[in-house]
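> need a structure here:
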Amino acid sequence: MYPVIGVFVLIIATVCLWPLLCKGSYTTENKKDRNPHLIFTVSLLAIYVVPVHLSYAQTITQSTRVESFEVLIPSPGIGETDVAAFENQTLEMYVFLPEESPKKVDITPPTSETDLTVSENKPSAIKENASRSRQMYIFTPEGSRKIDITLPTSEVGSTASKENTSIIEKNDSRSPKWTHSISTWVSTGQTDWNHTSRGILFGDPTSELIYQDLLGFTGEFQSKVDWGGHWFARLLAGYGAGSGELIDDDFVSTVGATFFATSVAGPHRISRTLSDVDLDEILYGQLDLGGYFYQSAHVKLGAYFGYQYWTEENVGKGFTQLECTSAMFCLSPGTVAFTGQRVITNTVQWHSIRLGLNALFQITNKLDLELDAAFIPLTYAIDEDIHHLRADLAQSPSIEHTGRGEGYNLEGTLRYNIFLPGLYLKASYRFWQLEVKDSRTLFFRSDGSSGQAILNRLRSYRHGGTIGLEYRF
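As a prediction, the model looks like this:
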């Protein structure tokens, strides 16, 4: 029940953050365009949350009361009278028994490194309950040791900590363990592409558009479930907005330079403009399934397979003419035109398959480090431009680039336990890059006809830091 509540709390919190992160984006003219993206996000959540939580409910058939208690671990050869000298080795531990609550116990001086006996100084009770012996690993500053635990049925001498009592589900290796988090990603990115037309007037490349310095602010939530002791699934979803700038370059061939009577001979860049950009939308989602192939007291190594969806929409407004070598082709350098008016809208979508490795290192009892690297052997890109000022081009869209490529995702995360046993402050740095080469560009003319060009390259990358809170169930 608690993981389900956690998911809904994160959903509600994320929805509340969206208007703040994307202030100004929800206008009458573009609100309708966002509905498919909202449907995508809700669908992704449903695909992840519903089946896994149903599986969780089916595996939980029994509950038990769990209480926190302390275990004192004296060094070999030290008697009970000297236990007080080892207060710095006091640890907290949970014991899960279906029949009754755990007890606060002391460990008597060990007789060997592998055979310790936990007792409450009740030898007769221990003999009577020998059949109830359990084994447990205890981790000390010197290393780990396996001990036998025997708990008497008598309540005499037990001092279980009542204030730490809680009801939790059956704790065995088959019970799912949940982690939910909410965070913000402050990042910068770029989307650029260039193509080559077949006309003799145009250069190679013919045109290049660079949406650069795209500062983005996204709210996101993550959810992860570990089950069976070896498998995990995780979900990431984020939404936000930002701003940046657009560089638009055009090139001509030698023939084109002559035709347009340029001030520079031969093939060259004939025009460069600069526009302000509203990064109206950043939307992404990931779903991964994987397993651990190595586990120790302080290290977990795993591998996974997953899917990533990532889209950004950039709207260029107005422009400043930075360079122009032909009055026939462009405006004079320094000219500012169409201020505040949409001149071009670009929407890029990436659908990617991820193959990755994950490593978790327990640095201290409160601090851990997670490293994640994913290779993307296959990504499919759809990039669309609408040139609002060109009457010769269609407006839905004007240009479309499609192709297959590859890329990678990298991330490093630090988590620190704060305030509550399951609450963590986390910070990470993330880098994504996807790229398509040697593919296709289509031009859609206003008269209904179309033309084709060569897409030399389409690339998107984004990187930056995240900060957030995480809770483990």
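
> now do the domain split for the protein, please.
Using automatic domain parsing, the domain parsing of the chain gives 2-61+172-472, 64-168.

> least reliable of those going by mean pLDDT?
When those are compared by mean pLDDT, domain 64-168 comes last with a mean of 43.

> got the contact list for Leu458?
When contacts are counted by Cβ atoms under 8 Å, 6 or more residues apart in numbering, Leu458 is found next to 191-193, 348, 381, 383, 401, 403, 405, 435-436, 439. C-beta coordinates here come from the backbone N, C-alpha and C atoms, glycine included.

> now, which of those residues lie within strands?
191-193, 348, 381, 383, 401, 403, 405, 435-436, 439 (DSSP state E).

> which among these gets closest to Asp392?
The shortest gap between Asp392 and any of the ones in strands among the contacts of Leu458 belongs to His401, at 18.8 Å (Cβ to Cβ).

> that closest one contacts Asp192, doesn't it?
No. Between His401 and Asp192 there is no contact under Cβ atoms under 8 Å: 11.3 Å.

> more neighbours: which of these two?
More crowded of His401 and Asp192, by other Cβ atoms under 10 Å: His401, with 24 against 17.

> any idea how far the closest residue to the more buried one other than its chain neighbours is from Lys177?
Sequence neighbours aside, Asp383 is the residue nearest to His401 in space, at 4.1 Å (criterion: Cβ to Cβ, 6 or more residues apart in numbering). Noted for Asp383: a distance of 40 Å to Lys177, by Cβ to Cβ, to the nearest Å.

> tell me which of the two has more neighbours.
Shown here are Asp383 and Lys177; by other Cβ under 10 Å, Asp383 has more neighbours (24 against 16).

> which residues touch that one?
191, 193, 346-349, 400-402, 458.

> rerun that using 7 Å as the cut-off
193, 348, 401, 458 (Cβ atoms under 7 Å, 6 or more residues apart in numbering).

> what's around the first one, how many residues?
Burial of Trp193 is recorded as 26 neighbouring residues (other Cβ under 10 Å).

> send over stretch 415-423 as PDB, restricted to the C-alpha atoms.
Taking C-alpha atoms only, stretch 415-423 is exported to PDB below (Å, rounded to 0.1, in the frame of the first residue of the first chain):
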ATOM      1  CA  ARG A 415      22.800   9.800  -2.100                       C
ATOM      2  CA  TYR A 416      23.000  10.800   1.500                       C
ATOM      3  CA  ASN A 417      20.700   9.600   4.200                       C
ATOM      4  CA  ILE A 418      19.000  12.500   6.100                       C
ATOM      5  CA  PHE A 419      16.500  12.700   9.000                       C
ATOM      6  CA  LEU A 420      14.600   9.400   8.400                       C
ATOM      7  CA  PRO A 421      16.000   5.900   7.800                       C
ATOM      8  CA  GLY A 422      14.600   5.800   4.300                       C
ATOM      9  CA  LEU A 423      14.900   9.400   3.200                       C
END
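
> so which residues make contact with that stretch?
Counting by Cβ under 7 Å, 6+ apart, 366-368, 424-426, 469-473 sit against stretch 415-423.

> cool, and stretch 385-397?
Counting by Cβ under 7 Å, 6+ apart, residues outside stretch 385-397 touching it are 342-346, 384, 398-399, 443-446.

> how about a cut-off of 6 Å?
342-346, 384, 398-399, 444, 446 (Cβ atoms under 6 Å, 6 or more residues apart in numbering).
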